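S.K.: Any chance you could fold what I've pasted below:
(chains A and B)
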Amino acid sequence: MAEPLVSVRDLQVYFPVHSTGAIRRHVNDVKAVDGVSFEVARGETLGLVGESGCGKTTTGLALLRLIEPTGGEVVFDGDVMENLTSAQLRNLRKRMAMIFQDPYASLDPRMSIGKIVAEPLEVHGLADSRTEKNHRVGELLEMVGLSPDYRNRYPHEFSGGQRQRVGIARALATEPDFIVCDEPIAALDVSIQAGVMNLLEDLQRELGLTYLFIAHDLSAVQHFSDRIAVMYLGRIVEVADRVSLYEQPKHPYTQALLSAVPVPDPAVERSRQRMVLEGDVPSPIDPPLGCNFNPRCPQVFEPCTEFDPSLTAAAGHDVACHLYDPSEPVLDG
Amino acid sequence: MTAPVLQVRDLQVRFGTKRGVANVVNGISYDLHAGETLAIVGESGSGKSVSVLALMGLLPQPPAAVAGSVLYHGDELLGLSPKEWRGIRGRGTAMIFQDPMTSLNPVRTVGYQLTEPMALHLGLKGDDARQRAIELLDLVGIPSPEARIDDYPHQLSGGMRQRVMIAMGLACDPDVLIADEATTALDVTTQAQITELVDELQERVGMAVIWITHDLGVVASIADRVHVMYGGRFMEQAGVDALYATPRHPYTEGLLGSLPMPGADRPERLVTIPGLPPDPVAMPAGCPFAPRCGYSDGDRCVGTVPAMESVGAGHDSACHYPLGVVNG
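M.R.: Have a look, this model is predicted:
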């Protein structure tokens, strides 16, 4: 793999839980992200999938330092972000951006879309004159398939798909290298989703962008990503390229997740064996001992309830599961 | 075939708004038979939820104006008094709503909410009702139902809440269950649990299910027949296999093409449907899909609403130029 643009090592984000009452004591932590490591190569799209509450959005936010991580480090293009001064960090921020899930909540209803798109330019001092700024805003709107004449309109005048395009234009304003796309299509209608996905793909090709694509919809992630990381309860359980993750999922959780994704083909739906998981995701305040997935895992055996499996690399297909631990005897079936 | 449980004929729903009259449902007709799962697929704003709210008598009139006919075992439902409705709702037809977080009462226990309809419809009270509530919770797969029955909704996870909703729907043995985006708010693994559950219950109890969703993947896994809705009308209706294998309406074709298919080979680009769904206040005069349709002739399509016509056995399409069919 080429030199990674972003590399994350043992990232942890804990949210403190306080006791109620007159004296608020720190009693526990919600371990939203609990030791996550991955790399994103330049020009690549890494998909991050998992169910709600698994920590995928928190990972994205911590990566951009929109929330302070509890531990671990993020290296962006050779710079360890922890070591940067706030001025240096601000400078680096130009090179990274985020597209949010809900285009109804992520645009200020009282700002015209021209202002929304211009704001990053002003913050980073990227436009010397008003004419230059206007020109750049028009260019950005055009890039995402909106007419520059719309610049004086307000978000409520646009449909969900168009609003998401405004969000994308804003993210592109500072010419970033890296964009975290947090469920960019989840709030959109089916016939609109495809258009936004195509746009993101086109922009990547034209501008050489690197994406972290966060979603719970495995079909969309599979379509969009080069490699996919699967998260469960604050940890990455499997990382592989899109084809081998789909064809040979190793982790029992990935297998269950894949089998649960409804396929829009009735013949396939009838013939396939669905692996339905029992129970619910455990609380991230008090994760189970050993592997986080062990209470729901159909293939659980002795070490799972005692030891935490680490993510072991094997020919571009990493998995954190005792079934595949080289130091353990290989099990049949 | 036996007589249908539910016969919907030319159902129309309009709302008076400040901008004018919104034509949300514009004449839909279908039959629902016992033991069958009918899926109504459509995007937001297509009128699919409003159409089932109308046939459950849950739309306040005004602002809504409902016309047409809904026959339940041969009896007209539209125009019933609120008192008459109470005898049907829950017992004859029941509904599961999209968001179990907002559709359960937060200040009442699960047990209270489950036994309330039983007292009304089945005359079950006290320990008998409680016993039945525990059985129902067990039926929908809630572990240790004896303990859970005294929980409040906030003590349950999303999947558990949706199971409670389903248990409420089943409380009085309805013969029609309407699930309005019942799994949309849930994670895929929970969604799989719920669809399996409804499938299994349907087999056991023999009720008819109307499944409202925008997710064509879910439809493929549960439906017997599918109606595709757009702009308040059905565009295409067919058995589930025929619909996916040979869509006969450009809208259906577009929807199917826009889905990323899980699998190793990915198409270069997804098919997109240009434009936006129609505004119900300003519905196109002709086919509602014509302004976005690649096959539109710009004349007949824009001018006249196409009738629903047969394009194969049990397969109808409302298109002047149905795909794959040579026009005579």
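S.K.: mind checking how far the residue nearest to residue B:303 when sequence neighbours are not counted is from chain A?
M.R.: Among residues not flanking residue B:303 along the chain, residue B:286 sits closest, at 5.0 Å (CB to CB, 6 or more residues apart in numbering or on different chains). Bear in mind the C-beta positions are built from the backbone N, C-alpha and C, glycine included. Computed as CB to the nearest CB, to the nearest Å, the residue B:286 to chain A distance reads 19 Å.
S.K.: now residue B:286, what's its secondary structure?
M.R.: What DSSP: H, G, I helix; E, B strand; the rest coil gives for residue B:286 is coil.
S.K.: give me phi/psi at it?
M.R.: Main-chain torsions, residue B:286, degrees, to the nearest 10: phi -100, psi -140.
S.K.: before we move on, what about the one 5 residues further on?
M.R.: For residue B:291, the backbone dihedrals (degrees, to the nearest 10) come out as phi -60, psi -20.
S.K.: Kindly state the pLDDT recorded for it?
M.R.: pLDDT for residue B:291: 89.
S.K.: and the lengthiest helix in chain B, average pLDDT?
M.R.: Assignment by DSSP state H gives helix B:188-205 as the longest helix of chain B. The pLDDT scores in helix B:188-205 average 81.
S.K.: quick one: buried residues of the top helix by length along chain A?
M.R.: With secondary structure taken from DSSP H, chain A has its longest helix at helix A:190-207. Of the residues in helix A:190-207, A:190-201, A:203-204 count as buried by neighbour count, 16 or more other CB atoms under 10 Å in any protein chain shown.
S.K.: ok, and of those residues, which contact chain B?
M.R.: A:190-191, A:193-195, A:197-198, A:201 (CB under 8 Å from any CB of the partner chain).
S.K.: Need the nearest residue in space to residue B:184, chain neighbours excluded.
M.R.: Using CB to CB, 6+ apart, the nearest residue to residue B:184 is residue B:98, at 5.7 Å.
S.K.: Can you show me the strands along the stretch 101-250 of chain B?
M.R.: B:176-180, B:208-213, B:225-230, B:233-239 (DSSP state E, counting those that start in this stretch).
S.K.: Can I get the ones next to chain B among the buried residues of helix A:190-207 in CSV including pLDDT and distance to residue A:213?
M.R.: Putting these into CSV (pLDDT from 0 to 100; distance: CB to CB, whole Å) gives the following:
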residue, pLDDT, distance to residue A:213
A:190, 78, 18
A:191, 77, 20
A:193, 85, 13
A:194, 86, 15
A:195, 86, 16
A:197, 89, 10
A:198, 89, 14
A:201, 91, 11
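S.K.: Can you report how many residues neighbour residue 247?
M.R.: No chain specified, so I'll use chain A. 11 (other CB atoms under 10 Å in any protein chain shown).
S.K.: please go with chain B instead
M.R.: Residue B:247: 24 neighbours (other CB under 10 Å).
S.K.: and what of residue A:3?
M.R.: Using other CB under 10 Å: residue A:3 sits among 10 other residues.
S.K.: wait, it sits on residue A:42?
M.R.: Yes - here residue A:3 lies in contact with residue A:42, judged by CB atoms under 8 Å, at a distance of 6.9 Å.
S.K.: quick revisit: now the strands of the stretch 101-250 of chain B in CSV, with mean neighbour count, distance to chain A and mean pLDDT?
M.R.: Formatted as CSV, the strands of the stretch 101-250 of chain B follow (neighbours: other CB atoms under 10 Å in any protein chain shown; distance: least, CB to the nearest CB, whole Å; pLDDT from 0 to 100):
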stretch, mean neighbour count, distance to chain A, mean pLDDT
strand B:176-180, 24, 14, 89
strand B:208-213, 24, 10, 91
strand B:225-230, 24, 9, 94
strand B:233-239, 24, 9, 92
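S.K.: Now render those strands as CSV, adding distance to residue A:76.
M.R.: Output for the strands of the stretch 101-250 of chain B, formatted as CSV (distance: least, CB to CB, whole Å):
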stretch, distance to residue A:76
strand B:176-180, 45
strand B:208-213, 41
strand B:225-230, 45
strand B:233-239, 49
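S.K.: Spatially central residue in the chain, please.
M.R.: Chain wasn't specified; assuming chain A. residue A:214 (2.8 Å; CA atoms, centre = their mean).
S.K.: looking at chain B here, not the other one
M.R.: residue B:212 (2.5 Å).
S.K.: Spit out the contact partners of that residue.
M.R.: B:39-40, B:48-49, B:52, B:178-181 (CB atoms under 8 Å, 6 or more residues apart in numbering or on different chains).
S.K.: which one among those gets closest to residue A:227?
M.R.: residue B:181 (32.2 Å; CB to CB).
S.K.: Can you give me the neighbour number for that closest one?
M.R.: Neighbour tally, residue B:181, other CB under 10 Å: 19.
S.K.: which residues does the nearest residue to it once chain neighbours are set aside contact?
M.R.: Once flanking residues are discounted, residue B:181 sits nearest to residue B:98: 4.0 Å by CB to CB, 6+ apart. Residues near residue B:98 by CB under 8 Å, 6+ apart: B:180-182, B:184-185.
S.K.: at 6 Å what do you get?
M.R.: B:180-181, B:184 (CB atoms under 6 Å, 6 or more residues apart in numbering or on different chains).
S.K.: just residue A:95 next, same as before
M.R.: A:176-177.
S.K.: next one: the one 3 residues further on
M.R.: For residue A:98, the set of contacting residues under the criterion of CB under 6 Å, 6+ apart consists of A:64, A:180.
S.K.: a strand runs through it, doesn't it?
M.R.: Yes - per three-state DSSP, residue A:98 lies within a strand segment.
S.K.: how much space between it and chain B?
M.R.: 22 Å.
S.K.: Who is that residue paired with across the strands?
M.R.: In this entry, residue A:98 is beta-bridged to residue A:180, by DSSP bridges.
S.K.: Which pLDDT does the model give it?
M.R.: Taking residue A:98 on its own, its pLDDT is 93.
S.K.: Check the one 4 residues further on too.
M.R.: On the pLDDT scale, residue A:102 is placed at 83.
S.K.: since we're on the residue lying closest to it once chain neighbours are set aside, how many residues are nearby?
M.R.: In this structure, residue A:102 finds its nearest non-sequential neighbour in residue A:187, 5.1 Å apart by CB to CB, 6+ apart. For residue A:187, the neighbour count with other CB under 10 Å is 19.
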